[in-house]
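Engineer: I would like to see how this sequence folds:
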Amino acid sequence: MLSESARVTTAQEARYRIPYPNSKERAHKIIALDKESAALLDEVAKKEWHGARFFSSLSFETGDPQHGELKGWLNDIAGRTMDLLSEIKSADSVMVICAAGSDARAVSVIAEGCKVHNKTLVGLIMPHAGSTDEEVSTSLNYMRPYTRMLVLGGGVDYIEAMLTALRA
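Structural biologist: As a prediction, this is how the structure comes out:
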């Protein structure tokens, strides 16, 4: 008698397999919160990605996002302006990136949009060679309340590895 694993690998059982991949391409939105992060994203965006869109700046007017009063715009790497809430709505996950010590308060606006559309928000803090513990702590304190996952990164290679792990 064949074991269960041997039985499911037979040609007879193969006819029950679904002949296409079991998941759709994911849509990831990656947003730089400062100029240093925008420069890193500009480098990362040069590679070929499947379903990842990169944004180098954010501008917004606050209001009540539950009633559609949050007005926000993202500029992608090519300079096109997109609606923040539309981009979040079409995403599977949103990643925000900031340099250690930079002003990351804009993450709260993005987090509100993610909350409205029930999207995962991932934060990535990029310390540079001269970053102090205080600068890293400042960025952590801005981002921690809003992100589901918060990571300290280490350059372009780290961002690429994160996106690869997320299947971007």
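Engineer: which helices and strands sit right next to the host helix or strand of residue 163?
Structural biologist: Per DSSP states H and E: residue 163 is located in helix 156-165. Where contact means 3 or more C-beta pairs under 8 Å, 6 or more residues apart in numbering; DSSP states H and E, helix 156-165 is packed against strand 28-32, helix 35-44, strand 93-99, strand 120-126. Quick note: C-beta positions are derived from backbone N, CA and C, even for glycine.
Engineer: let's see it at 7 Å
Structural biologist: In terms of contacts (3 or more C-beta pairs under 7 Å, 6 or more residues apart in numbering; DSSP states H and E), helix 156-165 is packed against helix 35-44.
Engineer: average pLDDT across the helix it packs on?
Structural biologist: In this model, helix 35-44 carries a mean pLDDT of 91.
Engineer: partners of whichever helix or strand comes after that helix in the sheet?
Structural biologist: Tracing the chain C-terminally past helix 35-44 and defining elements by DSSP H and E, one meets strand 52-61 next. If you go by DSSP bridges, strand 52-61 pairs up with strand 28-32 (parallel), strand 71-76 (antiparallel).
Engineer: out of those strands, nearest to residue 129?
Structural biologist: strand 28-32 (19.0 Å; C-beta to C-beta).
Engineer: now that closest one: mean pLDDT?
Structural biologist: The average pLDDT within strand 28-32 is 94.
Engineer: so what touches that strand?
Structural biologist: For strand 28-32, contacts defined as C-beta atoms under 7 Å, 6 or more residues apart in numbering pick out 38, 41, 51-56, 58, 74, 87-88, 91-97, 110, 163, 166, 168.
Engineer: please check these and keep the buried ones.
Structural biologist: Those of those that meet the buried threshold are 38, 41, 51-56, 58, 74, 87-88, 91-97, 110, 163, 166, 168, by 16 or more other C-beta atoms under 10 Å.
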